[in-house]
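Participant: Sequence and predicted structure, then a few things I'm wondering about:
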Amino acid sequence: MEQPLNLAATLESGQVFRWNRKGEKWYGMISNHLVSLESNGNGLEFETTLKPAQDMEGLISKYFRLDDNLPMIQSSLDWDPRLAQAMNTQRGLRLIRQDPWECLISFICSSNSNISRISGVMNRIAREFGNQVMLGSCVGFQFPNPTQMASVGEAGYRALRLGYRAAYVDKTSKILAETGRDLEELKSLPYLEAKAWLMALPGVGAKVADCVLLFSLDQLQAFPIDVWVRRAIEEWYISGEHRSYVKLSEWAVEYFGPFAGYAQQYLFHHRRTGDFSGGVNT
DNA sequence: CCACGGCCTGATTC
DNA sequence: AGAATCAGGCCGT
């Protein structure tokens, strides 16, 4: 593998919420197969429930977007000093191409919450309603599909401590189960059309939609703006000025270009880890 | 079009 | 200790 990949930075960057680290190995689900991953020099070792195991190589490559030419993408962004610094301190941090359904539920659950709590919620949903799979002595759970999730009901999700998001998850599951819409189809739509479709779902606003588009639907211009990214942009780029979400996302694509989503991920991580000098770290 | 308050939960701060 | 505050927002007014 020639493409840079930092497992820890990538899997802990708040794009995905169900990977577990045990020693040097990371355990998680890719395309409903349990996988363990371990960095090995510039390569990656893995074990998987998938047979034949070598088929997992392509799935891993797809999952970590190794088909994106990261050096090329970075060189299209490093004219910006902040971004150059962010990319330098976050080497090998990549966007992930994850399952859109699980991604959608993750980010519906992310509202007014935090990473550790989102992880708890997502693990409980999978453990309660997903199929169990084993890799050696390790247990994993597939994320339940829309039909499985549609039968749970709001009270069931409340019991898993989703709070007010329970109703959103319940309704969105039922819509997806009843319409049978395959979220993968949104990959072929123009960004704004795909976004509008997602935003029609309960619990999905502009920010959640952008996360789903960027982390699972190949819309690399999507620029999710959370409090961290907003702080970074307002402080570093537009001198404290406040702008609406739509104005900021338009600004982002104009400023950073078609890979604005990568810019967002580096800025987010950079800002959130406080790994910069001279700025206010709250 | 924009601003505002309420909302579940849980960790941390005051 | 118990009350605020904040956390990767959304929705209705």
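Facilitator: Everything's here; your move.

Participant: so what's the nearest residue to residue A:56 once chain neighbours are set aside bridging to?
Facilitator: Distances taken as C-beta to C-beta, 6 or more residues apart in numbering put residue A:48 closest to residue A:56, at 4.5 Å, once the chain neighbours are dropped. Just so you know, the C-beta spots here come from the backbone N, C-alpha and C atoms, and that holds for glycine as well. Per DSSP bridges, the residues bridged to residue A:48 are residue A:35.

Participant: Distance of residue A:48 relative to residue A:131?
Facilitator: From residue A:48 across to residue A:131, the span is 16 Å (C-beta to C-beta, to the nearest Å).

Participant: Of those two, which one has the most company?
Facilitator: residue A:48 (21 against 13; other C-beta atoms under 10 Å).

Participant: these two touch, right, the more buried one and residue A:136?
Facilitator: No - in terms of C-beta atoms under 8 Å, residue A:48 does not count as a neighbour of residue A:136; the distance is 10.7 Å.

Participant: Identify the residues contacting whichever residue of chain A sits closest to DNA strand C.
Facilitator: Closest approach of chain A to DNA strand C (C-beta to the nearest atom of the strand) occurs at residue A:14, with a separation of 1.0 Å. Residues near residue A:14 by C-beta atoms under 8 Å, 6 or more residues apart in numbering: A:115, A:268, A:269, A:272.

Participant: Show me which of the residues you listed has the smallest pLDDT value.
Facilitator: Among the contacts of residue A:14, residue A:272 carries the lowest pLDDT, at 84.

Participant: Once you drop chain neighbours, what's closest to that one?
Facilitator: Of all residues not flanking residue A:272 in the chain, residue A:228 sits nearest, at 4.9 Å (C-beta to C-beta, 6+ apart).

Participant: which residues are there in chain A that come within reach of DNA strand C?
Facilitator: Neighbours of DNA strand C within chain A, by C-beta under 7 Å from any atom of the strand: A:13-15, A:107, A:110-115, A:164, A:168, A:199, A:201-209, A:211, A:224, A:226-228, A:268, A:272, A:282.

Participant: Tell me which entries of the residues you listed lie within helices.
Facilitator: A:107, A:115, A:168, A:199, A:206-209, A:211, A:227-228, A:268, A:272 (DSSP state H).

Participant: Just the strands from chain A, written as ranges.
Facilitator: For chain A, strands defined by DSSP state E occupy the ranges A:20-22, A:25-30, A:33-40, A:43-48, A:132-135, A:138-141.
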